[in-house]
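Trainee: Just need the structure, nothing else, for what follows:
(2 chains)
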Amino acid sequence: QKEVEQNSGPLSVPEGAIASLNCTYSDRGSQSFFWYRQYSGKSPELIMSIYSNGDKEDGRFTAQLNKASQYVSLLIRDSQPSDSATYLCAVTFNTNAGKSTFGDGTTLTVKP
Amino acid sequence: GAVVSQHPSRVICKSGTSVKIECRSLDFQATTMFWYRQFPKQSLMLMATSNEGSKATYEQGVEKDKFLINHASLTLSTLTVTSAHPEDSSFYICSGSGTSGGRGTDTQYFGPGTRLTVL
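Mentor: Predicted coordinates:
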């Protein structure tokens, strides 16, 4: 079992819809959670970080964390074709300062 | 957000030569730097973790004598691919974590990557 799991997709949503991306992790001691976006042929870029249970909103993006269920999600409201990319979930475990474990990513396609 | 640069962005070399890739944190001190490799349509693969002034810690299966990592300062890390072969052709990406404007130490900021092609 992988330490960080994501649905590989592809996930396809129409423009203007809400895209929901999910991630589960295995280590209950995890402290920090990140979502990165990676366009094809480019390096990952940080979208959001979340550290506490609940929701965190930044523009059209909302990260949701539930430590009891070991689950973190990313919602993208009013999806745009420019949101089409691979989204990587990353989790930092307590004992590894700065070292995150990445999921394999979910590919999102937003259709005009 | 914090900025990480990488140089060169693209390199083509002949088999058997060595290639050095530089990774710099421009506006923060990267106490830890990471080197990843990514093949087309595949996941990020962590190669090694380095802390400034210390020897790098390599992931299982990564040859430390082939992939030399130096983290000489809080803003510079280098990866040297020695005696490169066609199977080393890949997208190499560095990232750094540290402190910047109050951000936590465990956020990784990625460089733009270096595409290596070995002929």
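Trainee: okay, CA-based contacts and neighbour counts for the rest of this
Mentor: Will do.
Trainee: Up against chain B, what does chain A have?
Mentor: A:32, A:34, A:42-46, A:49, A:92, A:97-100, A:102-105 (Cα under 8 Å from any Cα of the partner chain).
Trainee: Show me which of the residues you listed are buried.
Mentor: A:32, A:34, A:43-46, A:49, A:92, A:98-100, A:102-105 (16 or more other Cα atoms under 10 Å in any protein chain shown).
Trainee: Which members of these are the farthest-apart pair?
Mentor: Greatest spatial distance among these (Cα to Cα): A:Ser32 and A:Ser43, at 20.6 Å.
Trainee: Chain B: helices as residue ranges?
Mentor: Shown for chain B, no helices are assigned by DSSP state H.
Trainee: Point out where it drops to low pLDDT.
Mentor: B:1, B:99-105 (pLDDT under 70).
Trainee: and the residue of chain B nearest chain A?
Mentor: B:Asp106 (3.8 Å; Cα to the nearest Cα).
Trainee: pLDDT below threshold where in chain A?
Mentor: A:1-2, A:94-98.
Trainee: show me where it has helices.
Mentor: Going by DSSP H, chain A shows no helices.
Trainee: Return the subset of the buried ones among the residues of chain A next to chain B lying in strands.
Mentor: A:Ser32, A:Phe34, A:Glu45, A:Leu46, A:Ser49, A:Thr92, A:Ser100, A:Phe102 (DSSP state E).
Trainee: Now A:Phe102: closest residue in space, sequence neighbours ignored.
Mentor: A:Ala90 (4.3 Å; Cα to Cα, 6 or more residues apart in numbering or on different chains).
Trainee: Oops, could you answer that again for B:Val62 instead?
Mentor: Closest to B:Val62 by Cα to Cα, 6+ apart is B:Met47, at 6.2 Å.
Trainee: How about the contacts made by that neighbour?
Mentor: B:Phe34, B:Trp35, B:Tyr36, B:Arg37, B:Tyr58, B:Glu59, B:Val62 (Cα atoms under 8 Å, 6 or more residues apart in numbering or on different chains).
Trainee: And these, which of them are buried?
Mentor: B:Phe34, B:Trp35, B:Tyr36, B:Arg37, B:Tyr58.
Trainee: need these in a markdown table with distance to B:Ile93, can you?
Mentor: Output for those, formatted as a markdown table (distance: Cα to Cα, whole Å):
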| residue | distance to B:Ile93 |
| --- | --- |
| B:Phe34 | 8 |
| B:Trp35 | 6 |
| B:Tyr36 | 5 |
| B:Arg37 | 6 |
| B:Tyr58 | 15 |
